[in-house]
Structure formats: structure tokens, C-alpha cells
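# Model the structure of this input:
(chains A and B)
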Amino acid sequence: MVSAPTPDATPLALSLRDISKRFGATQALDRSTLNVRRGTLHALLGENGAGKTTLMRLAFGMAKPDTGTIQVDGQLCVWRSSADALRAGVGMVHQHFLLVPAMTVAENISLGRGGMFSGFDPRAAAERVAALVAETGLAIDPTARAGELPVGAQQRLEILKALSHDARVLILDEPTAVLSPQETQDLYAWLRRFVESGRTVVLITHKVREALQIADDITVLRRGRTVLQVPAKDASEIEVLAALLGEATTLTAPHVRTPAHLSAVPVLTVDDVRVRDSRGTDRLKGVKVRVFGGEILGVAGVEGAGQLELLRVMAGRCAPYAGSATRPAQIGFVPEDRHRDAVIGAWTLVENFALKDAGTASGTLAWRGYAARAEAGVRTQDVRTNSVHNSMASLSGGNQQKFVLARELEGAPAALIVENPTRGLDVRAASQVLDALRAARDAGVAVVIHSSDLDELFSVSDRMVVCFAGTVRDVAVDRHAVGRAMVGLT
Amino acid sequence: MTDAIAPFFEATVRTATPLAFAALGELVAERAGVINIGLEGTIIAGAFGGLVAAGAAGVGVGFLGAVVAGMFVAAIFAFFVVTLRADHIITGTAISMLGVGATGTLYRIFFGTTGAALETPTLAPLPIPLLHSIPWIGEALFGQPPITYLLYVIVPCLAWWLRRTGAGLALRAVGERPEAASAAGISPARVRWAALLFCGAMGGLGGGTLVLAQVGTFNEGISAGRGFIAIAIVVLGRWSAVGVSGAALLFGAASALQYFAQAMGWGIPYQFALALPYVLTLIALAGAGERAAAPAALGARG
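Numbers count the residues shown, from 1 in each chain, chains lettered A, B, ... in the order given. Here you go, the predicted model:
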């Protein structure tokens, strides 16, 4: 499946050859190769754990390869730290932003320059940032605090940080995971202009369709090896998916929608609900939603349109100041930030399972019972672990998410509220999670799901609503209609 | 009343001086994300080092000895906390106990078991012409030993350095988000080592001031909780150099109140006045609940 690198006149901006890297017992990279032509947008694809991020961390000097060579513009490079890579013109935007939240944009960008007593002048720094903004077209307020910026602006700040070091090769790790569809389009348009100015972009992603649409070249990693290097125009989605998953796959087969057996009365009702945030702004302005058992309601909306507040009201995690919400007694909730809100990494699976009742259980906890319940959950959702007494952190992201689903679906809840259920998961795990949601729906559960990935919403939703500026509207399950509603058009 | 006010201010500044040195050192450590509970050990090591060095070669060398002793203790702390990534609180507590215990033992070995008061040369006050004759506050601010004037230089320099230099920015970034600093090519471990050595030097100077400019002798446990008070001062001073000097003055005033109360003939038992700084410490630490100004990565290992 490995095609020979195409003989091409374009010089290589970044070339990684025969790179191997081992962490303990795990061979993260095994003689992998990446050749990035100057002035191109290169997509590096792979499932979680395929070694994409590791390979790019090596290219950015955050670790040293065990074997193999790194060349930038044909020059052999040995990095001692990221500072060396930055000096050589390689910049990286990490998936989890590396910003100092308490500092201003200008301070974040100025970090790491100058010696012990070299001056730092906030005004001059702000002016430099303003010049950079004007030059790059990435709008940001130099005096704003990084922690108070919306996530899209934080990403622009990360890009500006790299560009302030005159990065000629820009590496972005899953940059669209946190962006709304509009922001994603804007970012891609900007990256396109950036490569047209002669510079180079490496985009780490697991979204095959997006990669094929915007990239010039594609490299696929599987289990630390380079399994496909091909110009995007010569690659088909099926071919790339096959390389990614390493097997003939049926994942792209359309899901057959079973006829819905809806409950007679709504399971969940939200009536004229209003929610206000800590700054006193109304996030929900009197919304009405009903959800029936046996359907999946997809909730779409650009970031901050009120969808998260709506889901939290439904899940009973957020109290409205006006209006009412009728909820069933048993309700499952899968929050979007798994690590922060759903599980405790250092605890065992059994302990994490018991978290479910931590607020309500009285007396001593029946640990044996919880172990059995956790075992049952692990079996039904096919969570890959050899013991329920392992720590949560020892599971991969996909298995953690399946475990959370198992916990929330236990005891036959009447409703299940799910935020971004497949964020950060690889293709296989994502498809298993979506299948579990469909199975719950078929069993009569009222499922409400929000996802910033519209493709995902279209693939699972029986019915959709769109949030826009704190209002909610019923919309047909149709790409065009939903897209218009998300920007406030009727 | 007026007769008592000038001495009250003088006592305020005098007691605030060692506290301010130690607290400014702690401020730098905390802005780099390390909470140095071992400050108490650093101060008493500085006091003892100052005593030994001054006895051998005079007051000037004494202060140098205080700085070296303070840095030595801080280096032990830094080795465990930064290099070995041990827990800040447990290591710091151990270092505090070690400092108090070791200096006591060394004192007995060197100067006998009687614990007899040992005289040491002290730094005489150096009144600044004209300025020291300003009514009420002149004596307090400008009739002090020269070491106090060093503080007047350090505070603005430190405030400027933290805000207006690349290195100050790097230090604050390490305290807020070491990963981000690291990605910008800064070594958080190196920054924290440097910050702790500075903290050791300042804590040592605080202890040295106590012995060489004020008490004129050493006794076991002479630091008397000043390390912990200095940590509270950093909290009360909201992690800024100017705020910390203000808070140090407040604690100095609380201590000086006992003399004032006696001079005024108030019938308050002096024990209340003695307890006041410690009560203030408790209040300051309790008020740290909403620590908006605290460095985000304070106390985080690694």
C-alpha cells in the first residue's frame, strides 16, 4: 500500500526519515516517514495512538527520536528543545493550547524572548502584535487576557505565537476539534492563503473528508508506520479509510434508520426556559423543546448559541431562572469534557462507576455490587480493559467514553443527554459510540445529542433543532436548512 | 501621644524589615509556582550563618554569610522540589524543622550548652541627613541601619523586573502555566531553581538582619515563625512587590503595637499585642480562599 514518494521538483520543507520512538513498552513510531513539499498543505492522518502527534512533537523538538533524521529545507537538524525548532522556522499549534491564561495576548506572544534584564515593554509588545495581526489577517486584541478569549481566538493566538517566530513550517494538531463549522472554514481559508505565500502547513487530523478537500498531499500513519503517501487529488475516501483502519471497512455504509416507535407522551419537556450566565447575559431566551422516547434529537448551533445551556437544563445540571423543565427520574448525562467532568483518571473503573450514586447513596457503598455493575457495563459496551480494577487513565479515550456511556445507560434511564460524544475519538471508537446511542434509542430512550461535527449529527439524528443566539428552532434534517438556521437565516 | 508615635513608626519599620526581605524572596518563588514553606528554615539559617561569619570577619562579611547560608538551605529545598519533584508542602515543612533543629544543635556545639547570650557586632543605624528629621516618620524611614535602605532599592527593582523584563515574564509564565513556558523554549526547572536561590538569599538576608542589625545575638528558634508570617504577607500583598511591602509594614505595625500600648498606658495585657501578628497571619491565610491573584500553577509538582 506504500506508494513510492513521487519524484517531484518541489523541494521539501520538512522531511522526517526512518523515525522510530519507543515509550516504555510501546513502540510509538516504527521507521515512519513524512515528506512535506514546500508551499503545500499536508494532512497527516491516523487513528488515535497511530503516532501522528508523537511524530510532530519530534519534528518540533519536544522529544528526541530514537533513530531517524529530521531535515528542514534540506538541512539536517538535531533539536535540543523546541527553542531550536522555533529558530529553524518550525512552529506548532498544540491540540491542547499552551497559553498562559492570566497573561495578555501580547505577553503570551513575547514569552521566551530576551535575556535576564532585557526590557519588556507592554506597549511596544502590543504594537508588535498589532503589526502581526495586520500582516496575517488573524484578528485578535493584543491587550485581552488569553484565558478570557473564546476558543477560536485562543487558536488564532497560538498561530500568531508560532508566526511571531517567523515560522515557515506550521504544524497544527487537530485544529478544528474545538471550532464551529464557520470558524473551521475561516481557518482553512487562512491556511490556504498561508501556503500560497510559499510557506508550509502540516495538519494533523483524523477527519478524512476534510483532509481530502483541503490538503495537497496526504500521509497516513497506522501503528507508528507510514502506510500511505499520496497527493490528495489521487486519493479516494475509501482508500484512505482503508489505510487508516488497516482493514476492509464497512464504516462508510449508510446507517439504516429503523422506523421510530415513539412514546405517546414526551419524556422530556422544556418550557419557556431562560438561563442567564454569570455576566448577566441571557444564554437561553425562553425556549421550548419536547423529546419523545425512541428518538434521537440532534441539537446544532455555533459555539455560544445556547446549545450547551439547553442540554444542561435538560440534564438537570443548570437551573433556569424562568420557565420549567420536566425531566424523568432516571436520566443519563455524558458531558463534553470527559476528563474534567465525567471521570476521575486516577480512580479505578469501579470507583468511577460508583460516582453515579455518590451524591445520593447513604450508608456504606456496596463495592462488590459496583464491581459487578461495572463488569456488566464493560461487557455491554465492549470496553477494552482486562480488569475493572484498572485505573480510568489506563484506558484509551474511546474506551473511556464507552465506559461513561455504559455507566449513564445503566438502570434503563428514560432519557440520555450527550454532548460531543465522539470528540477526540478515532474513527472506529466514534462509530461504536454512535452505534451505542442508536441502540439506546431503539430501546426506547429519549436521546438528545449536541455535536459540533455536523456530519455526525446528520448521521444519527431522527429530528433536529438549531440553537441561534439563545433561541431554538425546529429544522428539517437537511444540511442546507440546518446551515442556514445556524447563522440565523430562515 | 505624639511622644509615642515616632517610636511606634520606628518599631514598625524595624520589625517589618526582616519580614519584608523574606516575603519578597517568597514572592519570587511563588510567582515561579513554588510555595516555599521551608522559608522559616532559610531565615534561621541566615541568622546563624550571619552570626558565625560576623564573628569571624565583621558585620559586612556577616551579611554575606547570611546570604550564603540561606541559599544553601534553599538549594536543598530546590533539589527535592524541582529536581526530584517532591511535594512542596511536605518538603518545606521538613526543611523548616531541619533549619530550626540544625542551627540549635550547631549553636550548642560551637558556643556551648549554656545557651548564654553571645554578643555579635551589629550594623549601626545610619541616619540620612535632613530626611531623618522629618517629624513622626523621619526616624522610622531614614534613621535605620543601611540594610533597610537596601530594601528601598529592591522593591521597585523587583516590581519593574517582574513586569518589564523578558525574564520576569518567563518567571510569571512558569508560575502560571509551565507547559506554555516550556513550549516557548523556557526551562521551568531552571527558572524555579533560580527563583528559589533568590528566595534563599532574601530569606538569609532577613535572618541576617535580625541578628546583625537588630538583636545583636542569636538564640535557638530566633526566627520565631517569621517564615510563616512572610508567607501570609505574600498572600495579603496579593503577589505583588509593592503589595508585599505594604503587608510587611502592616505586620510590623501589629508587632510594634505592644510597645505603643505600653507607652500609652493602655490596660491591654501585652500578650494580646504579642499574639496580634499571628492572628493577622491566620486571617490573611483564611482570606486566601478567593485567590484570584495567585499563580495558577502554585504548588504543582514538576
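
# any low-confidence regions in the stretch 1-150 of chain B?
B:1-2, B:113-117 (pLDDT under 70).

# all helices for it, in order.
Remark: helices assigned in the stretch 1-150 of chain B by DSSP state H, counting those that start in this stretch are B:2-31, B:39-57, B:59-78, B:88-111, B:138-142, B:146-164.

# can you redo these as TSV with distance to A:Val93 and mean neighbour count?
Using the backbone N, CA and C atoms, a C-beta is placed for each residue, glycine as well. Below are the helices of the stretch 1-150 of chain B laid out as TSV (distance: least, C-beta to C-beta, whole Å; neighbours: other C-beta atoms under 10 Å in any protein chain shown):
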stretch	distance to A:Val93	mean neighbour count
helix B:2-31	27	24
helix B:39-57	40	28
helix B:59-78	33	24
helix B:88-111	32	18
helix B:138-142	52	20
helix B:146-164	28	16
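
# And these: which comes nearest chain A?
Nearest of the helices of the stretch 1-150 of chain B to chain A, taken as C-beta to the nearest C-beta: helix B:146-164 at 5.2 Å.

# Check whether A:Leu395 really touches A:Thr385, as I assumed.
Yes - assessed by C-beta atoms under 8 Å, A:Leu395 is found in contact with A:Thr385 at 5.8 Å.

# Now do the shared contacts for these two.
Common contacts of A:Leu395 and A:Thr385, defined by C-beta atoms under 8 Å, 6 or more residues apart in numbering or on different chains, comprise A:Leu349.

# In JSON lines: the helices of the stretch 1-150 of chain B, plus distance to chain A.
Shown next, in JSON lines, are the helices of the stretch 1-150 of chain B (distance: least, C-beta to the nearest C-beta, whole Å):
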{"stretch": "helix B:2-31", "distance to chain A": "11"}
{"stretch": "helix B:39-57", "distance to chain A": "23"}
{"stretch": "helix B:59-78", "distance to chain A": "18"}
{"stretch": "helix B:88-111", "distance to chain A": "19"}
{"stretch": "helix B:138-142", "distance to chain A": "28"}
{"stretch": "helix B:146-164", "distance to chain A": "5"}
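
# Now distance to A:Arg57 too, for those, in TSV please.
Below are the helices of the stretch 1-150 of chain B laid out as TSV (distance: least, C-beta to C-beta, whole Å):
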stretch	distance to A:Arg57
helix B:2-31	28
helix B:39-57	38
helix B:59-78	28
helix B:88-111	28
helix B:138-142	55
helix B:146-164	31
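
# which stretch among these comes nearest B:Phe260?
With distances scored as C-beta to C-beta, the stretch of the helices of the stretch 1-150 of chain B nearest to B:Phe260 is helix B:2-31 (4.3 Å).

# who's in contact with the most centrally placed residue in chain A?
A centroid search over chain A (C-alpha atoms, centre = their mean) returns A:Ala177, at 3.2 Å, as the residue closest to the centre. Residues in contact with A:Ala177 (C-beta under 8 Å, 6+ apart) are A:95, A:423-424.

# residues near the residue in the stretch 351-490 of chain A positioned nearest to chain B, how many?
Residue nearest to chain B within the stretch 351-490 of chain A (C-beta to the nearest C-beta): A:Ala393, separated by 16.2 Å. If you count neighbours by other C-beta atoms under 10 Å in any protein chain shown, A:Ala393 ends up with 12.

# can I assume it sits in a helix?
Yes - counting by DSSP: H, G, I helix; E, B strand; the rest coil, A:Ala393 is located in a helix.

# For it, which non-adjacent residue is closest in space?
Spatial nearest neighbour of A:Ala393, excluding adjacent residues (C-beta to C-beta, 6 or more residues apart in numbering or on different chains): A:Gly345 at 3.6 Å.

# Could you look up the next helix or strand downstream of the helix or strand hosting B:Val174?
For B:Val174, the element it lies in under DSSP states H and E is helix B:166-176. Downstream of helix B:166-176, the first helix or strand assigned by DSSP H and E is helix B:178-183.

# Double-check that the residue nearest to the centre of chain A belongs to a helix.
Yes - note on A:Ala177: a helix contains this position according to three-state DSSP.

# and it, how far is that from A:Ala211?
Remark: distance between A:Ala177 and A:Ala211 (C-beta to C-beta, to the nearest Å) = 14 Å.

# Over to A:Asn420?
20 Å.

# Likewise for A:Glu351?
Taking C-beta to C-beta, one finds A:Glu351 at 39 Å from A:Ala211.

# all helices for the stretch 1-150 of chain A, in order.
A:52-59, A:82-87, A:105-110, A:122-136.

# Throw those helices into CSV and include mean pLDDT and distance to chain B, thanks.
Formatted as CSV, these follow (pLDDT from 0 to 100; distance: least, C-beta to the nearest C-beta, whole Å):
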stretch, mean pLDDT, distance to chain B
helix A:52-59, 92, 10
helix A:82-87, 88, 3
helix A:105-110, 91, 6
helix A:122-136, 89, 8
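
# Take those and lay them out in a markdown table including mean neighbour count.
Listed next are the helices of the stretch 1-150 of chain A as a markdown table, based on neighbours: other C-beta atoms under 10 Å in any protein chain shown:
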| stretch | mean neighbour count |
| --- | --- |
| helix A:52-59 | 24 |
| helix A:82-87 | 20 |
| helix A:105-110 | 26 |
| helix A:122-136 | 15 |
